[in-house]
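Engineer: Build the 3D model from these lines:
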Amino acid sequence: MRPTLEKFSNAAIILMVGLLILQYGDMLRGRMAGQSAQADGASFAADDPVFRRLDEGGSPGRGGLVAVEDIVGDGCGLVYFFDPECKACNKYAPSWAGTEVVEAGDIRLTLSWISIRDEVDLVADFFSKYHLAGNTYTLDGRYAPSQIGIAYVPQSLVVSPQGEALSWGGHLPEILMERLEARPELFESCADRE
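Structural biologist: Below is the predicted model of the structure:
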């Protein structure tokens with residue numbers, strides 16, 4: 001007896017429902033893990049010092065850990081999270097070669113790179129390979145990316161001087177510039193007022 005199309009479609013529906021249930025369970029577990037991280041005081045805030053500055057030579061800075069608001073400084077910034085071994089990060093990195101500032105109209109964003117791996121040699125090799133510029137940091141090894149709200153890499157955020165995330169950026173400079181030009185009201189605090 002040959003299976004009919006109806007039997008195949010019923011099996012496909014059952015399989016899809018099962019996958020959706022599994023995905024929903026994973027989402028709930030992720031939320032609960034995030035809540036327990038917050039309860040333990042490990043949640044990320046703009047003034048939490050969880051990043052380690054890397055010096056020109058690729059060594060960790062002597063000043064200790066810094067927070068996002070310290071990374072951005074007095075103006076808005078573009079904070080780009082990456083993993084030196086991530087395929088997508090390696091795919092997009094050449095587009096950022098030599099870029100230290102992204103400009104669109106009267107908006108200037110200083111670029112800062114944050115590796116989610118606290119492995120100095122990997123980060124230094126990544127920067128050298130793609131001729132990247134800008135300030136470089138690593139997430140302190142005591143923190144998981146999920147504890148600071150990073151679910152995937154590469155991920156870029158436009159950040160205000162107070163460390164507030166104004167918008168997610170883009171993986172390519174030209175996409176980021178298009179977003180800045182399309183929604184200037186989001187970035188009023190970033191406009192150059194000279």
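Engineer: I figured Thr59 hits Val120, correct?
Structural biologist: Heads up, residue 59 is Ser, not Thr. Yes. When contacts are counted by Cβ atoms under 8 Å, Ser59 is listed as touching Val120 (6.5 Å). (Each C-beta comes from the backbone N, C-alpha and C, glycine too.)
Engineer: More neighbours: those two, which one.
Structural biologist: Each of Ser59 and Val120 has its neighbours counted (other Cβ atoms under 10 Å); Val120 has more, 18 against 11.
Engineer: Quick check: phi and psi on the more buried one?
Structural biologist: Val120 has phi and psi values of phi -60, psi -40 when expressed as degrees, to the nearest 10.
Engineer: And Glu119, by the same measure?
Structural biologist: Dihedral pair for Glu119: phi -120, psi 100, per degrees, to the nearest 10.
Engineer: Was I right to think it contacts Leu139?
Structural biologist: No. If you go by Cβ under 8 Å, Glu119 and Leu139 don't touch, sitting 10.6 Å apart.
Engineer: More neighbours: those two, which one.
Structural biologist: Set Glu119 next to Leu139 and count neighbours by other Cβ under 10 Å: Leu139 wins out with 23 against 15.
Engineer: Next up, the contacts around the closest residue to the more buried one other than its chain neighbours.
Structural biologist: Closest residue to Leu139 apart from its sequence neighbours, by Cβ to Cβ, 6 or more residues apart in numbering: Ile116 at 5.0 Å. Shown in contact with Ile116 (Cβ atoms under 8 Å, 6 or more residues apart in numbering): 81-83, 138-139, 145, 150, 153.
Engineer: can you check Leu78 too?
Structural biologist: Per Cβ under 8 Å, 6+ apart, neighbours of Leu78: 102, 109-112, 156-159, 169, 176.
Engineer: hmm, back to that, restricted to strands, list the contacts of Ile116.
Structural biologist: In this view, these that belong to strands under DSSP state E are 81-82, 138-139.
Engineer: Neighbour-wise, which one of these leads?
Structural biologist: In the ones in strands among the contacts of Ile116, the most neighbours by other Cβ under 10 Å go to Phe82, 25 neighbours.
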